[in-house]
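Q: Fold the following.
(chains A and B)
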2 protein chains.
Amino acid sequence: MKIALGQINVLAGQPSKNVNKMLEMIDQAKKEKADLIVFPEMAVSGYMLSDKWMDPAFCETLISYNEILKNASEGIGIIWGNVGTFENIKGRDGRKSRCNCAYFAFDKQWVKKENQKYPGLYVKYLNPDYRVFDDSRYFYSALELSRRLHENEDFLTSCFLFEKDGQTVRIGLEICEDLWSNDYNFDPTKHYLNQKADMIVNISSSPWTMNKEIGREKQIMRHVKNNGAIVPLIYVNACGMQNNGKSVCIFDGDSSVYDEKGERKISCNDAFQEECKIVDIHESSLAEKCETKLLKALLCAISEFDKQVFQSRFKWIIGLSGGLDSSVNAALLTMALGKERIIGLNMATRYNSSTTIDNAHQLAEALGIECRDGIIQRLVEEQITCLKQYTEKEISEFAIENIQARIRGSILSGISQVENAVVINNGNKVEAAFGYATLYGDTIGCLAPLQDVTKVVLFDLARSINEVNGKEIIPQNLLPNVKENDIEWIMPPSAELKNNQLDPMKWFYHDELVRMLTEYPGYEIEKLMEDYLSGEIYNQPIGRWIKWYHLDEPQAFIDDLEWVLSKFEQGVFKRIQSAPIVMVSRGAFGNDFRENQCCYEKTNLYLKLKDEILSHAHK
Amino acid sequence: MKIALGQINVLAGQPSKNVNKMLEMIDQAKKEKADLIVFPEMAVSGYMLSDKWMDPAFCETLISYNEILKNASEGIGIIWGNVGTFENIKGRDGRKSRCNCAYFAFDKQWVKKENQKYPGLYVKYLNPDYRVFDDSRYFYSALELSRRLHENEDFLTSCFLFEKDGQTVRIGLEICEDLWSNDYNFDPTKHYLNQKADMIVNISSSPWTMNKEIGREKQIMRHVKNNGAIVPLIYVNACGMQNNGKSVCIFDGDSSVYDEKGERKISCNDAFQEECKIVDIHESSLAEKCETKLLKALLCAISEFDKQVFQSRFKWIIGLSGGLDSSVNAALLTMALGKERIIGLNMATRYNSSTTIDNAHQLAEALGIECRDGIIQRLVEEQITCLKQYTEKEISEFAIENIQARIRGSILSGISQVENAVVINNGNKVEAAFGYATLYGDTIGCLAPLQDVTKVVLFDLARSINEVNGKEIIPQNLLPNVKENDIEWIMPPSAELKNNQLDPMKWFYHDELVRMLTEYPGYEIEKLMEDYLSGEIYNQPIGRWIKWYHLDEPQAFIDDLEWVLSKFEQGVFKRIQSAPIVMVSRGAFGNDFRENQCCYEKTNLYLKLKDEILSHAHK
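A: Numbers count the residues shown, from 1 in each chain, chains lettered A, B, ... in the order given. Below is the predicted model:
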């Protein structure tokens, strides 16, 4: 059988564009004599629509496209994802029910199923409600439907009978999370395997995060192990970018066909690019794996955000300090959008070293972008004068640091309006975690590509950028030289808001703490403390940094940990108001890792472990 | 039977404080010979913990308090809400399962149930997943548990057998949403009524929104109607404030006892105040209803936010423009926190009229708060000079308006740091909806008490403030005089960012559009268009404003509507980054009404109705 993997760039909220693209691919597939074409989950609508799902007229419009797709199925089977409704079942909002559905049409008919029920229709069984996923907020699962329709739980897992050219292929259809069934108590894949389906088709809109691929292969191998073998599995994922407000998600595609042993035999590109790959499912045809995937991911996020949210109407403004984060961001912007659309601003005060200013210029030159220089010192002084009208208190050095940062924010905002541009946010994840940023100063921007990237990962990203470009774009002097038990810096990270200021982070070690605190399901600090107490921590990669930072002294370890935890908790109010963040980890601030403002009491276990650790401290 | 309604102010994330308060009330109830004391849903933990729920050590700590409460039950039955776990069932995060539970202890034992299962324990059946509620994200419902434990669905709705003083009272226990079962297909209340329970106890953490009371009474009357009669229903709700980051929710208490006919016989205060009311459930004891409830709600939000998030350590800074919104906010702050902790700043440019400056002074005097005056004109000019270093383009009047607003934001931020204070946000809901605010300018602040209040509601709120204070706090000249078909203004709302600038909103009419767009389940614009087309709209309260604004001319109606919709859509990027909002409607921006950045295509129905309406336009 010849199958077309329709890995489309799904544009959220733009059904006519999505369906046009699908129709084009259907035409192409017909020309190449494919028997079946498969599109991703929610290919018509987009997956991340936030509360727009509650708009009944919008949902009806989405559903109206099903007829168009069905009518395009002459001579070819088409599988696609879209919202669906069960007319007689009310949703929890009192309006028509909504479900996350897969549709299957052939020869202008809905494809029949073995149990005769609901031809052409499958409904997602497993609704994820964690991280960025809110399926239960918007959709009834097939399990919920089975209760409301008084049907057996498995009423929608009957094989589709795809009859073409005198042959009948029995296809099990499922949607995304249905494959990741290990923490649920219903397993659609197993139901299909028990029925000895000829193949299983999984349609997905699965956002990419670092190391995601490993997760998927694990799930598939789990099914292979549990069932001895599986049947050919066709996995079609969306590519592109969708967002839910605070979190900007990217989809890598990476649509694939797996064989009975769970081995990948066919794949589309995993480089976030649209592709219609037409294959014989028993052949082997692996696309080259994407190198420097994080880099590609961020480029996709920027270019798609620019297109989808701004229709590429605006220039992009970036504050160039000469530091690492802004350098990496400038490179990303330039690679994603071209040098003509980027304007760099260097906004110096008396605290900025000539080295960083030189770095900024060197970077701009390497990228071929404009770098406009200016001095904000006078404005800082005028701001202080203005403030003094309102207070007799002394304006501390710390207050002046924040004033500088806010002035930069306001210059960037002002210039962006004059130049018809938007501002990019340069913060990284460790800064965000510690609230090491000035609200309305360096937290501003329309998009924060690096705010889910810890500094340590940023170092690698910087190196990738230089490698891909074949030259030193990111100045080498910004990167640490990591030896076995040592870190050498030419220019350690600094906000340059006062003389000789160095960032207070213990890089490499704090990066890992931030990961532990945020990565789903998060909160592993007590585990860290237990490992510290038992000494097990020195067998782990961070063990060497604990020594390097002299945290093997228990009091220092606890003092540092409490500093981190309090910064982390205090930083929430800044994160609530910060720019939308590109999600690349399994715990991005925003709508992935969701936080509130609370003074959480310490846990019993924490207090116990702290006591035990301190009992080993030098007296 | 004598029952204590333990309407406590639940502090999210602070179990030791909550339990101490509960123990105090238990002591009091014992002294007054109560048989039973009832506390709200999640009384130990708080209800809104965001992803902190995923912290296993924190959940274990919460659960550890159950023993303490159980041991306090000598001689008195205690019902309380807390998180619970089923040891052998994994949650979707792969860790221990979590449930939203009610516990019932007496004489240091768990109270037995008629079906002998799970003594002392009830699990919430109906998990709300709409608006600010994310129950399925964090908890398994009892329905989900029944599937995982292979139990009948109703396995947890067996009556508790409360045996005291030789009598057995059969009590049905349920949690919050369990009562609001109309859109679910399981009804715990009905199960208890079928078993002829002697009484039902509902423990809640139900945030207040305008007209909420009516909703609850309707639900109860629905049960009465469906079942002929009910049994005495004891409803205990939390009071105070909890937040989930962007949305700040307030809880009014209003704990009540309803009789068999659904009539309210006993009630605690609904004024957001803690109370332990000890009553005989067959007597009648109604607390006085809270007048000016919205005002009380906002005062509660401010004072609790100040206490819980900031431990009352900071002063509060407010920009006083002399306009309505800042005047109302200043009054709220002063009423909630006392005049000593408020600092008003008037930040004038050449566009500010002497009337508004006088208004600001008059207000500050009426409230007894400090108002510090200053001029920001020079700083505006210096900012323009600084910007000109970076651009050769002309700096437009519009750009200068935003510069003024951002300078005010930065002065407020600067002064707040120097004065050890936080800044309040003055925006209202219509401004937020239309993005009629400068990002990082007037969108800043730690809390936005008015951002879920439309201007029309603000007028009433202002009048309440004057009434409660028995004098003109909010200058009368800021309020419109609404006659039958006419609105008279002395000073129509203006941002005063240029000369003779008036806000572009069509007050009263646009307020209603914003309500339609946001109030759960939202999106009723096509309904409005249908009513416009049929003329039905002129039978509705907004009909007169459609005429008043000359929108009875179809082209004008459509032009205005499209302007509103495009402003609404464009405003999202500002709302994503704005301050936390006190939720008082059924559709507050933030984590109640959840939005993303998308270019949504228009619906088929919208396009059809638009065509039809325009076909009636003057040619």
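
Q: Look at the nearest residue to residue A:141 once chain neighbours are set aside and report its pLDDT.
A: Nearest non-adjacent residue to residue A:141, counting by C-beta to C-beta, 6 or more residues apart in numbering or on different chains: residue A:127, 4.5 Å away. Heads up, the C-betas are built off the backbone N, CA and C, glycines and all. With respect to pLDDT, residue A:127 scores 97.

Q: Same check on the one 3 residues further on?
A: Predicted confidence (pLDDT) at residue A:130: the value is 96.

Q: what's it in contact with, if anything?
A: A:520, A:521, B:92, B:93, B:137 (C-beta atoms under 8 Å, 6 or more residues apart in numbering or on different chains).

Q: Now for the first one, how many residues are close by?
A: Right, residue A:520. 18 (other C-beta atoms under 10 Å in any protein chain shown).

Q: Over to the residue lying closest to it once chain neighbours are set aside: give its phi and psi.
A: Leaving aside its chain neighbours, residue A:520 sits nearest to residue A:586 (4.5 Å; criterion: C-beta to C-beta, 6+ apart). When read as degrees, to the nearest 10, the backbone of residue A:586 gives phi -90, psi 40.

Q: Residue A:586 and residue A:519 touch, don't they?
A: Yes. Under the criterion of C-beta atoms under 8 Å, residue A:586 makes contact with residue A:519 at 4.9 Å.

Q: average pLDDT for the lengthiest helix in chain A?
A: Assignment by DSSP state H gives helix A:397-418 as the longest helix of chain A. Averaging pLDDT along helix A:397-418 yields 97.

Q: Name the residues that touch the next helix or strand after that helix?
A: Downstream of helix A:397-418, the next assigned helix or strand under DSSP states H and E is strand A:421-423. Strand A:421-423 has contacts (C-beta under 8 Å, 6+ apart) with A:310, A:314-319, A:343, A:412-413, A:415-416, A:444-447.

Q: quick one: which helix or strand includes the closest residue to residue A:527 other than its chain neighbours?
A: In space, and not counting its chain neighbours, residue A:527 is closest to residue A:516: 7.8 Å by C-beta to C-beta, 6+ apart. According to DSSP H and E, residue A:516 maps onto helix A:509-518.

Q: Now the helix or strand just after that helix: buried residues?
A: Counting by DSSP H and E, the next helix or strand C-terminal to helix A:509-518 is helix A:525-534. Judged by neighbour count using 16 or more other C-beta atoms under 10 Å in any protein chain shown, the buried positions of helix A:525-534 are A:525, A:526, A:527, A:528, A:529, A:530, A:531, A:532.

Q: cool, stretch A:164-178 as well?
A: A:164, A:169, A:170, A:171, A:172, A:173, A:174, A:175, A:176, A:177, A:178.

Q: do that stretch and chain B meet?
A: No. Figure legend: stretch A:164-178 not in contact with chain B (C-beta under 8 Å from any C-beta of the partner chain); closest approach 10.0 Å.

Q: follow-up on the earlier one: for the contacts of residue A:130, which PyMOL command selects only the ones that are buried?
A: In PyMOL, a selection of the buried entries from those looks like this (16+ other C-beta under 10 Å):
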select buried, (chain A and resi 520+521) or (chain B and resi 92+93+137)
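
Q: mind putting the contacts of residue A:130 in TSV, distance to residue B:251 and pLDDT included?
A: Shown next, in TSV, are the contacts of residue A:130 (distance: C-beta to C-beta, whole Å; pLDDT from 0 to 100):
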residue	distance to residue B:251	pLDDT
A:520	29	95
A:521	28	92
B:92	28	86
B:93	28	87
B:137	20	97
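
Q: tell me which of the contacts of residue A:130 is nearest to residue B:9?
A: residue B:137 (24.9 Å; C-beta to C-beta).

Q: which residues does that closest one contact?
A: A:129, A:130, A:134, A:136, B:129.

Q: Which members of these define the maximum pairwise distance?
A: Pairwise over the contacts of residue B:137, using C-beta to C-beta, the maximum falls at A:130 and B:129, 12.6 Å.

Q: Which segments of chain A make up each domain?
A: The record's domain parsing of chain A by automatic domain parsing lists A:2-288, A:300-614.

Q: To residue B:218, which of the ones you listed lies closest?
A: The nearest among the domains of chain A, by C-beta to C-beta, is domain A:2-288 at 12.7 Å.

Q: gap between the two ends of that closest one?
A: 21 Å (C-alpha to C-alpha, to the nearest Å).

Q: Out of the buried residues of stretch A:164-178, give me the two with the largest separation.
A: Applying C-beta to C-beta across those, the maximum distance is between A:164 and A:177, 29.1 Å.

Q: ok so residue A:186 is a strand residue?
A: No. Under DSSP: H, G, I helix; E, B strand; the rest coil, residue A:186 falls outside any strand and is assigned coil.

Q: what's the burial count for it?
A: For residue A:186, using other C-beta under 10 Å, the count is 18.

Q: Quick check: closest non-adjacent residue to it.
A: Nearest non-adjacent residue to residue A:186 (C-beta to C-beta, 6+ apart): residue A:125, at 5.6 Å.

Q: go on, residue A:543?
A: Per C-beta to C-beta, 6+ apart, closest to residue A:543 is residue A:537, 5.2 Å.

Q: Then residue A:415?
A: residue B:390 is the one closest to residue A:415 (C-beta to C-beta, 6+ apart), at 5.2 Å.

Q: Angles on the backbone of the one you found, please.
A: The phi/psi pair for residue B:390 (degrees, to the nearest 10) reads phi -100, psi -10.

Q: How many residues are close by it?
A: 21.

Q: residue contacts, it?
A: So, once contact is read as C-beta under 8 Å, 6+ apart, residue B:390 ends up touching A:345, A:372, A:374, A:411, A:415.

Q: again with residue A:403
A: Contacts of residue A:403 (C-beta under 8 Å, 6+ apart): A:380, A:383, A:384, A:387, A:395, B:410, B:414.

Q: Return the member of these nearest to residue B:212.
A: residue B:410 (38.5 Å).

Q: Find the nearest non-adjacent residue to residue A:53, please.
A: residue A:138 is the one closest to residue A:53 (C-beta to C-beta, 6+ apart), at 4.2 Å.
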